[in-house]
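Participant: need coordinates for the below:
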Amino acid sequence: MRSFIGINFSSDTKEDLGKIQRQVREYASKGRFKHVDNFHITLKFLGEIELRQSEEIAKKLEEIAVQQKSFELKLQDIGQFKGSDRIRTLYIGLGGNIEALKRLNESTEASMELLGFKKEGRPYTPHITISQDLTLNLTFEELKRKIDMSKTHTIYVDRIELIKSEQIQNKRIYTPIYSYGLIP
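Facilitator: So this is what the prediction gives:
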């Protein structure tokens, strides 16, 4: 199964992200937009794994969870990963306790490396993908000025999950397989 380790959100946070995404759509001539149920923060993309591997991964996630305190994040700003002629990925950047998030990512990377998963070569850029292959009707800087994130909810990060990703009836579906609570 195709999978990743990530952080899921409360319905309040998903609603906040959906509102931001609808604003972005108003200024887009084309793009692929994430379904609101699929908003998440990726800690580690694993790719295709076997069932037996999922059990080994689950044990490592449990070890990580009992060593990591829960923490808070906030939606901070809009960012982009550029493509050649459009925005390859439009995302929401994060504020709040970013150091705790980076520690969680580092622990996850180290644990998965012990299981044979290659360590990510790029620096970790925590973000929430809103859209891909996006073409805007205004400049990116103009879009940033139009999107207001001051009235969004706090994100309480209190669990990590192994999440299965599958395509069902032309829709990407993310299903938590294992979920572990962080220290309150």
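Participant: identify the bridge partners of the most centrally placed residue in the chain.
Facilitator: Nearest to the centroid of the C-alpha atoms of the chain, with distances taken as Cα atoms, centre = their mean, sits Ile41, at 2.0 Å. Ile41 has these beta-bridge partners by DSSP bridges: Ile7.
Participant: got a list of what it touches?
Facilitator: Shown in contact with Ile41 (Cβ atoms under 8 Å, 6 or more residues apart in numbering): Gly6, Ile7, Leu94, Leu101, Pro126, His127, Ile128. Quick note: C-beta positions are derived from backbone N, CA and C, even for glycine.
Participant: rerun at 10 Å
Facilitator: Neighbour list for Ile41: 6-9, 73, 92, 94, 101, 104-105, 126-129, 155, 157, 160 [criterion: Cβ atoms under 10 Å, 6 or more residues apart in numbering].
Participant: hang on, isn't Pro176 packed against Asn8?
Facilitator: Yes - counting by Cβ atoms under 10 Å, Pro176 touches Asn8, with 6.7 Å between them.
Participant: compare these two and say which is more crowded by neighbours.
Facilitator: Asn8 (19 against 14; other Cβ atoms under 10 Å).
Participant: residue boundaries of the helices in the protein?
Facilitator: 11-26, 51-65, 98-114, 140-146 (DSSP state H).
Participant: what's the spacing between the residue lying closest to Phe4 once chain neighbours are set aside and Ser3?
Facilitator: Of all residues not flanking Phe4 in the chain, Phe45 sits nearest, at 4.6 Å (Cβ to Cβ, 6 or more residues apart in numbering). As for Phe45, its distance to Ser3 is 8 Å (criterion: Cβ to Cβ, to the nearest Å).
Participant: what touches both of the two?
Facilitator: Ser165.
Participant: tell me, what's touching Pro176 and Asn8 both at once?
Facilitator: What both Pro176 and Asn8 touch, as defined by Cβ under 10 Å, 6+ apart, is the set His40, Arg159, Ile160, Glu161, Ile163.
Participant: which residues sit in contact with the closest residue in space to the first one that isn't next to it in sequence?
Facilitator: The reference is to His40. Once flanking residues are discounted, His40 sits nearest to Gly6: 4.5 Å by Cβ to Cβ, 6+ apart. Contacts for Gly6 (Cβ under 10 Å, 6+ apart) come out as 40-45, 108, 160-163, 165, 174, 176.
Participant: reformat these as CSV; add pLDDT and distance to Glu62.
Facilitator: Below are the contacts of Gly6 laid out as CSV (pLDDT from 0 to 100; distance: Cβ to Cβ, whole Å):
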residue, pLDDT, distance to Glu62
His40, 98, 19
Ile41, 98, 19
Thr42, 97, 19
Leu43, 98, 14
Lys44, 98, 15
Phe45, 97, 20
Thr108, 98, 12
Ile160, 98, 9
Glu161, 98, 12
Leu162, 98, 10
Ile163, 98, 16
Ser165, 96, 21
Tyr174, 96, 20
Pro176, 97, 14
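Participant: before I go, just wanted to say thanks for your time.
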